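[1] here's my sequence, what's the structure:
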Amino acid sequence: MKIFIRFVLLLTIFVAIHTSTATAATTIPTPGMITLVDLGATSCIPCKMMAPILKELEVEYKDKAVVTFVDVFLNEAEGKRFGIRAIPTQIFFDKNGKEVLRHVGFMEKQALVDQLERMIKEQ
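    Sure thing, here's the model as predicted:
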């Protein structure tokens, strides 16, 4: 069982790395879509804890919002662009690209869902 858990954690890290490198080519915030961007690093413990939550939200909100991760160690320009001083930092943008909320630190799934749902109702 311990081997399985380690495998799942390692797989999660690889997915997060893939997501962070793919994100560098995407436009943040995504025009016309509510966007949640999590800025962190794959070597950060709270960021690793958030990775599976973000993956779940990415699937659950597929047609309603864009959920993405940016590794600020691999994409330093994005960290500077958003004025990141601590990781993880979650930034919520409305469909017009306006920053609605910024949170620093680990953010639980329910808090992320509550904010996304609030923004979806307001559009």
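[2] shouldn't G32 be in contact with Q123?
    No. Between G32 and Q123 there is no contact under Cβ atoms under 8 Å: 10.3 Å. Glycine gets a C-beta too; all of them are placed from N, C-alpha and C.
[3] who does the helix or strand hosting P52 touch, helix- and strand-wise?
    Assigned by DSSP states H and E, P52 belongs to helix 45-60. The helices and strands touching helix 45-60, judged by 3 or more Cβ pairs under 8 Å, 6 or more residues apart in numbering; DSSP states H and E, are helix 2-23, strand 34-40, strand 65-71, helix 109-122.
[4] if we go to 6 Å?
    helix 2-23, strand 65-71 (3 or more Cβ pairs under 6 Å, 6 or more residues apart in numbering; DSSP states H and E).
[5] check what contacts that helix and list those residues.
    Helix 45-60 is contacted by residues 12, 16, 38, 40-41, 67, 69, 88, 106, 109 when judged by Cβ atoms under 6 Å, 6 or more residues apart in numbering.
[6] any chance of these in a markdown table, plus distance to Y61 and pLDDT?
    Output for these, formatted as a markdown table (distance: Cβ to Cβ, whole Å; pLDDT from 0 to 100):
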| residue | distance to Y61 | pLDDT |
| --- | --- | --- |
| T12 | 19 | 51 |
| A16 | 18 | 46 |
| D38 | 13 | 98 |
| G40 | 19 | 97 |
| A41 | 23 | 97 |
| V67 | 6 | 97 |
| F69 | 14 | 97 |
| P88 | 18 | 98 |
| F106 | 19 | 97 |
| K109 | 12 | 98 |
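[7] what bridges to the most centrally placed residue in the chain?
    Geometric centre of the chain, nearest residue: D38, 2.9 Å, by Cα atoms, centre = their mean. Note on D38: beta-bridge partners by DSSP bridges are F69, Q90.
[8] just checking, which helix or strand of this structure averages the lowest pLDDT?
    In the chain, no helix or strand scores lower on mean pLDDT, DSSP states H and E than helix 2-23, which sits at a mean of 48.
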